[in-house]
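Asks: when you get a sec, could you give me coordinates for this:
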Amino acid sequence: MTDAQETAADPSLRIPGGGPPAIESAPVPLLEPQEGIPPVTATAGALAEVVAVFAAGTGPVAVDAERASGYRYGQRAYLVQLRRDGAGSALIDPVGCPDLSTLGAAIGDAEWVLHAATQDLPCLREIGMTPARLFDTELAGRLAGFARVGLGAMVENVLGYALEKGHSAVDWSTRPLPEPWLRYAALDVELLIDLRDALEEELDRQGKLSWAHEEFAAIAGAPPAPPRKDPWRRTSGMHKVRRRRQMAVVRELWTVRDRIAQRRDISPGKVLGDGAIVEAALALPTDAQTLSALPGFGHRMGRKQLEQWQSAVDRARALPDTELPQPGQAVSGPPPPRSWADKDPAAASRLSAARAAVSALADALGLPQENLITPDTVRRLCWEPPAEPTVEAVSAFLATHGARPWQIDQTAPLLTGALSITAV
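Replies: Numbers count the residues shown, from 1 in each chain. Predicted structure coming up:
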């Protein structure tokens, strides 16, 4: 344990009345990895050496991945960082080594330590790396009651070190990667295991360690998310688009943009902005000249490009009414809560009571409400409660909707009480 960790673990420095540990002195800047910046592994031979070294290491494995969001199409990994006792740190280029399944298998029995695991697991899975067990330091921070759970804030508040975060949004598809970026990437895993150990100790002190283990197991065991239905509906500014013909324009432009972005491997926003798509949908231009006057289709756009977008608008304009998209997606579950008072006053009263009870319990436990129980589960329960709202029936309902045992133990009794509330 480092001196900073010993300071963090000192009960005299804990927040009065419980809560996470606090570092009172100024954070120490962490400027260089302990063993220096590791070389970038980009060949099969170099990867085999890394696999052997990490297989021989001991204890948890710190894992991180860098993507090129906003620059490239999709969410693929462009750099993978690892660190393990006995192995040191490694930086791996998934462009040169697109299949890391041998590495994933070599460390498959170890606990993987990630920060915000759900962000990195999809891109790691694509290159053959899937953990059987994990420890999520961001989620651990939420359960422990930290107000700020970004990696930099957690390392600073728990371990007393300051990480430089200036390269978090750079284009990680750049080759070769500049040395300052590589230093930043290596430092991201430098203290991740130390952070894990300190958070485990804090969660144990608060009586929440078993809760965290259930949460981590749920993340590790979750299947890949299914493809999103009608992704064009998530276009920013879509709330302005009311008419079905206009929605068809959004759909056509979004589809063309996505096809171009995928072919060119660039972010869709760099092909055509969401704002431009919405402007075209609202205006329904009849020719490329009219389109060129709209925001997002300025003078720098060539004639061929304008005609390409206008063709998409024309296709939407020519669709028969029977092929136009419906105003909204069919959704399962209850209506928006704002309409409950009119539709079902008793359900509205139940929801109000349930929300108040969950909020009070979350405050008492020192964790966010959404980590105690998901708001969607509470809404569904209050809208269509069990015929016999007993603790057992409510517990079964919560389990069916994905609640973990610890969440059920904590919330089922108070939610059962909320279901007995009648309309006022």
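
Asks: hey, let's count contacts and neighbours off CA atoms from now on
Replies: OK.

Asks: domain ranges for the protein?
Replies: Domain assignment of the chain by automatic domain parsing yields the ranges 3-221, 232-323, 337-419.

Asks: can you put those in TSV and add mean pLDDT?
Replies: Shown next, in TSV, are those (pLDDT from 0 to 100):
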stretch	mean pLDDT
domain 3-221	91
domain 232-323	96
domain 337-419	97
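
Asks: dump the ones you listed into TSV; add mean neighbour count as well.
Replies: Shown next, in TSV, are those (neighbours: other Cα atoms under 10 Å):
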stretch	mean neighbour count
domain 3-221	19
domain 232-323	17
domain 337-419	17
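
Asks: strands of this protein, residue ranges please.
Replies: 28-29, 40-41, 58-67, 77-85, 88-92, 111-114, 133-136, 161-162 (DSSP state E).

Asks: what residue lies at the spatial centre of this protein?
Replies: For the chain, residue 119 is the residue whose C-alpha lies nearest the centre (Cα atoms, centre = their mean; 4.2 Å).

Asks: pretty sure residue 81 sits against residue 50.
Replies: No - applying Cα atoms under 8 Å as the test, residue 81 and residue 50 come out as separate, 11.4 Å apart.

Asks: residues that sit against both of those two, list them.
Replies: When contacts are counted by Cα atoms under 8 Å, 6 or more residues apart in numbering, residue 81 and residue 50 are jointly contacted by residue 90.

Asks: quick one: residues contacting residue 188.
Replies: Contacts for residue 188 (Cα under 8 Å, 6+ apart) come out as 64, 163.

Asks: ok, now with 10 Å
Replies: The neighbourhood of residue 188, defined by Cα atoms under 10 Å, 6 or more residues apart in numbering, consists of 33, 62-65, 81-83, 115, 151-152, 155, 163-165, 182.

Asks: what of residue 123?
Replies: With Cα under 10 Å, 6+ apart, residue 123 has these contacts: 65, 66, 67, 74, 75, 76, 77, 78, 80, 129, 130.

Asks: can you add distance to residue 221 and give these back as TSV?
Replies: Shown next, in TSV, are the contacts of residue 123 (distance: Cα to Cα, whole Å):
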residue	distance to residue 221
65	20
66	23
67	23
74	23
75	21
76	21
77	21
78	25
80	21
129	14
130	10
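
Asks: chain neighbours aside, what residue packs nearest to residue 287?
Replies: residue 310 (6.5 Å; Cα to Cα, 6 or more residues apart in numbering).

Asks: isn't the one you found right up against residue 283?
Replies: No - applying Cα atoms under 10 Å, one finds residue 310 not in contact with residue 283, separated by 11.8 Å.

Asks: and for these two, which residues touch both?
Replies: Counting by Cα under 10 Å, 6+ apart, the common neighbours of residue 310 and residue 283 are 249, 290, 291.

Asks: the first one and residue 321, how far apart?
Replies: Residue 249 sits at a distance of 13 Å from residue 321 (criterion: Cα to Cα, to the nearest Å).

Asks: now the closest residue to residue 265 other than its chain neighbours: how far from residue 271?
Replies: Distances taken as Cα to Cα, 6+ apart place residue 73 nearest to residue 265, at 4.8 Å, with adjacent residues excluded. Remark: distance between residue 73 and residue 271 (Cα to Cα) = 11 Å.

Asks: overlap in contacts of the two?
Replies: 258, 260, 261, 264.

Asks: re earlier: and of the strands of the chain, who's closest to residue 298?
Replies: strand 58-67 (30.1 Å; Cα to Cα).
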